[in-house]
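Novice: With the sequence up front, the predicted model follows.
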Amino acid sequence: MAFPPYFDTTVFERFELREGDVFVSTTGKSGTTWCCNIVHQLLSNGADFNDINDVVPWIEFKVP
């Protein structure tokens, strides 16, 4: 699998799955942010938020 150079792919090696974790996996330019919004709204019963990036982490950008 190829990733852009700004992705830290080693984070996947250190990432520990927890019970209840949900992964949203889409292809590029297919509405990933939109899909994250839908999943978050379903799991949080429509909780309000300002920006999806404040409530949904992107593990490939997560700083250890």
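Specialist: Yes, it's here.

Novice: show me the contacts for C35.
Specialist: V24, T26 (Cβ atoms under 8 Å, 6 or more residues apart in numbering). Just so you know, the C-beta spots here come from the backbone N, C-alpha and C atoms, and that holds for glycine as well.

Novice: where's it, which helix or strand?
Specialist: Using DSSP states H and E, C35 maps to helix 32-43.

Novice: then the following helix or strand past that helix to PDB, C-alphas only?
Specialist: Next helix or strand after helix 32-43 toward the C-terminus (DSSP H and E): helix 52-55. What follows is helix 52-55, C-alpha atoms only, in PDB (Å, rounded to 0.1, in the frame of the first residue of the first chain):
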ATOM      1  CA  ILE A  52     -15.400  17.200  12.500                       C
ATOM      2  CA  ASN A  53     -11.600  17.200  13.000                       C
ATOM      3  CA  ASP A  54     -12.100  18.300  16.600                       C
ATOM      4  CA  VAL A  55     -14.200  15.100  17.400                       C
END
